[in-house]
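Engineer: Predicted structure and sequence below. I'll ask about it afterward.
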Amino acid sequence: MTKPLPVFPDGRHALYEAHGYSAAIQSGDLLFVSGQVGTRPDGTPEPVFADQVQRAFDNLKETLAAAGCTFDDIVDVTSFHIDPENQMEDMMAVKNRIFGNPPFPNWTAVGVTWLSGFDFEIKVIARIPETD
């Protein structure tokens, strides 16, 4: 049995240290990415919602890359939204730039009341590509 392997992007940001969690865990050929938020390197949120969503996707991209993955390797997405009715348009604009063509990953969007000072969070499961 394969032991789970923690994965961190270069320049681990402050939230991982402050809260004691891994950016992602590799288990076999799957990568389980912790919720990514629109945090700047010092751990503070981007103040503008659209920028916060873009930063969350940028942070996700860096975490995926640390395991040899891209957005194309994502099979399942869960996103969390503080105010989905008013924020969905901005989120969808970023999402559609990244996942513009099929096949699309599974996606579940959940409205929540609290995200530790953030307005948006995205977590994914990706399949790690085979290497020769």
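Structural biologist: Yep, it's here. Numbering: from 1, shown residues only.

Engineer: so how far is stretch 62-80 off the chain centroid?
Structural biologist: 7 Å (Cα atoms, centre = their mean, to the nearest Å).

Engineer: Oh, that last question was meant for stretch 81-100, not what I typed.
Structural biologist: Worked out by Cα atoms, centre = their mean, stretch 81-100 lies 14 Å from the chain centre.

Engineer: List the buried residues for it?
Structural biologist: When neighbours are counted by 16 or more other Cβ atoms under 10 Å, the buried residues of stretch 81-100 are found to be His81, Ile82, Gln87, Asp90, Met91, Val94, Lys95, Phe99. (C-beta placed from N, C-alpha, C; glycine too.)

Engineer: And for stretch 16-36?
Structural biologist: Going by neighbour count (16+ other Cβ under 10 Å), the buried part of stretch 16-36 is 16, 22-26, 30-36.

Engineer: Run through who's touching that stretch.
Structural biologist: Where contact means Cβ atoms under 8 Å, 6 or more residues apart in numbering, the residues beyond stretch 16-36 that reach it are 2, 4-9, 12, 43, 56-57, 59-60, 63-64, 66-67, 69, 73, 80, 121-128, 130.

Engineer: next one: stretch 67-80
Structural biologist: For stretch 67-80, the external contacting residues (Cβ under 8 Å, 6+ apart) are 7, 24, 26, 31, 35, 60-61, 64, 91, 98-99, 105-112, 115, 120-129, 131.
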